[in-house]
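Undergrad: sequence and predicted structure below; questions after.
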Amino acid sequence: MSINGFILVLEQWQFMAEGLKLTLLVALLSIVFGSVFGLIVVLMRLAPFRIVDWTARVFIDFIRSTPLLVLLLWIFFALPILTGLSFTPLVAGVLTLSLHSAAFLGEIFRAGILSIERGQRHAALSLGMRPSQAFRRVVLPQAVGRMLPPTGNIFIGLIKDSALVSIVGVVELTWQAQVIGGYTLRELEAFTVVAFFYVVLLVIPLSLVVNYVNRRMSPEYVKGRSLLGRLSTLRGKLR
């Protein structure tokens with residue numbers, strides 16, 4: 001590696017920017033659809049019907065035991081042969097990342113919900129709340145706080161795993177690095193710059209957002225806000 005090599009690579013920043021936009025699009029779509037699929041999975045896992053529960057279990061075990069690269073190649077090349085449905089590289093990449101993350105997110109959501117003691121739900125029902133109200137007002141707020149750290153890890157992993165979609169022809173950041181590296185004959189410098197982009201522009205900002213939201217939803221923060229509110233109210237009455 002050399003300074004001149006980095007200068008040659010950075011001169012192609014327009015191509016890097018275009019790849020970064022597509023990487024953000026792939027990551028964002030995968031996070032959204034992965035979360036939606038994860039919610040469907042957790043609803044199936046918590047369903048009272050055994051066949052629905054076992055269907056979700058088979059899906060989770062299959063996805064979690066299949067390497068992501070193998071799943072991507074199978075969806076892009078094999079699935080069109082079996083079903084007759086062809087996917088663009090972008091659709092195949094987003095679908096693969098979404099299904100892969102859904103298997104993990106579904107279990108995270110389920111663990112977060114089941115971690116709340118049943119007594120809290122029973123207490124809410126005894127106060128006259130309907131089951132949906134008890135879930136929305138008592139169980140879900142606490143469960144979300146417990147889900148956030150592992151969910152954030154899955155989202156960060158999705159951003160990094162989005163580099164794999166370049167294998168099927170998605171012109172994202174890693175693909176652009178390959179092209180620029182071949183054009184400038186500075187492959188090592190090109191991938192070093194890409195690693196910098198992933199860490200500084202994508203992973204670190206998402207980590208900061210997840211940590212901030214996690215702190216805001218922590219019981220200590222909520223109790224502190226409640227105490228400050230009571231103190232300000234008492235101070236206003238004294239005046």
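TA: Structure received.
Undergrad: so where's the protein uncertain?
TA: The model of the chain has pLDDT under 70 over residues 218-239.
Undergrad: and what about the residue nearest the centre of it, helix, strand or coil?
TA: Using Cα atoms, centre = their mean, the residue of the chain that lies closest to the mean C-alpha position is F155, 2.6 Å off. Judged by DSSP: H, G, I helix; E, B strand; the rest coil, the three-state class of F155 is helix.
Undergrad: show me what counts as buried in the helix or strand where G181 lies.
TA: Element membership of G181, judged by DSSP states H and E, is helix 173-184. Using 16 or more other Cβ atoms under 10 Å as the test for burial, helix 173-184 gives L173, T174, W175, Q176, A177, V179, I180, G181, T184. (Glycine included, C-beta is placed from N, CA and C.)
Undergrad: helix or strand next in line after the lengthiest helix in the chain, which one?
TA: Secondary structure of the chain per DSSP state H: the longest helix is helix 13-45. The element immediately downstream of helix 13-45 (helix or strand, assigned by DSSP H and E) is helix 50-65.
Undergrad: and the very next helix or strand once past that next one, what does it pack against?
TA: Using DSSP H and E, the next helix or strand after helix 50-65 towards the C-terminus is helix 68-73. Contacts defined by 3 or more Cβ pairs under 8 Å, 6 or more residues apart in numbering; DSSP states H and E place helix 68-73 against helix 89-114.
Undergrad: now the helix or strand just after the helix it packs on - C-alpha only, CSV.
TA: Using DSSP H and E, the helix or strand that follows helix 89-114 towards the C-terminus is helix 118-126. Output of helix 118-126 as CSV, limited to C-alpha atoms (Å, rounded to 0.1, in the frame of the first residue of the first chain):
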residue,chain,number,x,y,z
ARG,A,118,-46.7,-13.6,33.4
GLY,A,119,-47.7,-12.0,36.7
GLN,A,120,-47.4,-8.6,35.1
ARG,A,121,-49.9,-9.5,32.4
HIS,A,122,-52.2,-11.1,34.9
ALA,A,123,-52.0,-8.0,37.1
ALA,A,124,-52.9,-5.8,34.0
LEU,A,125,-55.9,-8.1,33.3
SER,A,126,-57.0,-7.9,36.9
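Undergrad: ok, back up a step: quick one: contacts for the residue nearest to the centre of the chain?
TA: Residues counted as contacts of F155 (Cβ atoms under 8 Å, 6 or more residues apart in numbering) are I31, L206, V210.
Undergrad: got a winner among these for most neighbours?
TA: Per-residue neighbour counts (other Cβ atoms under 10 Å) across those peak at I31, which has 20 neighbours.
Undergrad: nearest spatial neighbour of that one, chain-adjacent residues omitted?
TA: In this structure, I31 finds its nearest non-sequential neighbour in F155, 5.4 Å apart by Cβ to Cβ, 6 or more residues apart in numbering.
Undergrad: please apply the same query to A102.
TA: F37 (3.4 Å).
Undergrad: distance check, P141 against N153.
TA: Computed as Cβ to Cβ, to the nearest Å, the P141 to N153 distance reads 21 Å.
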